[in-house]
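[1] here is my input; please provide its structure:
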Amino acid sequence: MSRLLNPLAVVCDCVVFVQAIASDESPAARILNEVDSGNVKLYISDEILREVKDVVNRSELRERLRGLTNVRIEAFFGRLDKKAFRARDVPRSFEYSRDPEDEPYINLAIAAGADYLVTRDSDLLDLMTGHARECKEFRQRFRPLKVITPGELLDEIEQARKRERDP
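    You can find the predicted model right below:
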């Protein structure tokens with residue numbers, strides 16, 4: 001795996017983190033490998049970490065996703081402590097009435113100047129294609145920021161590798 005000259009700045013939502021913990025084979029886990037190799041600069045915040053900790057400790061989810069073991073969860077948070085960039089005091093730059101619980105991810109991506117917000121959440125993905133006023137406002141105000149799926153981010157990383165190899 002070659003190293004990118006310009007790492008991609010990324011914010012991942014809670015579901016992406018859960019998938020990364022639960023399965024080493026998932027696209028989400030591959031994104032964390034790209035963080036480890038320096039190709040992705042991952043941003044987190046205390047608010048997001050609290051949500052992820054809450055979700056991965058829900059008994060009904062742990063029963064359904066057997067990969068969410070204490071060992072894997074602790075290793076994941078240790079990895080984030082070493083590799084992720086923690087933003088503090090993230091301002092509320094964008095209000096999303098459709099799903100206010102998504103605002104911490106959107107606002108962190110904006111504050112960090114992220115290239116990508118990575119998610120499987122349709123409310124977030126609709127920011128790129130939706131016709132609602134909020135979606136249009138998001139695209140106008142935060143033009144460089146793209147909301148994409150984990151698989152799409154992996155494709156973007158591969159495209160960046162090709163551009164650097166074959167300018």
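
[2] only alpha carbons, please: show the helix ranked longest in the chain as CSV.
    Counting by DSSP state H, the longest helix found in the chain is helix 150-165. Provided in CSV are the C-alpha atoms of helix 150-165 (Å, rounded to 0.1, in the frame of the first residue of the first chain):
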residue,chain,number,x,y,z
PRO,A,150,-16.9,4.0,3.1
GLY,A,151,-16.6,2.2,-0.2
GLU,A,152,-16.5,5.5,-2.0
LEU,A,153,-13.8,6.8,0.2
LEU,A,154,-11.7,3.7,-0.6
ASP,A,155,-12.2,4.4,-4.3
GLU,A,156,-11.1,8.1,-3.7
ILE,A,157,-8.0,6.9,-2.0
GLU,A,158,-7.2,4.6,-4.9
GLN,A,159,-7.8,7.4,-7.4
ALA,A,160,-5.5,9.7,-5.4
ARG,A,161,-2.8,7.0,-5.6
LYS,A,162,-3.2,6.8,-9.4
ARG,A,163,-3.0,10.6,-9.8
GLU,A,164,0.2,10.7,-7.7
ARG,A,165,1.7,7.7,-9.7
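
[3] the strands in this structure, which residues?
    8-12, 40-45, 85-87, 116-118, 146-148 (DSSP state E).

[4] most tightly packed of those?
    By mean neighbour count, with neighbours taken as mean count of other CB atoms under 10 Å, strand 116-118 ranks first of the strands of the chain at a mean of 28. Any C-beta I mention is one placed from the backbone N, CA and C, and that applies to glycine too.
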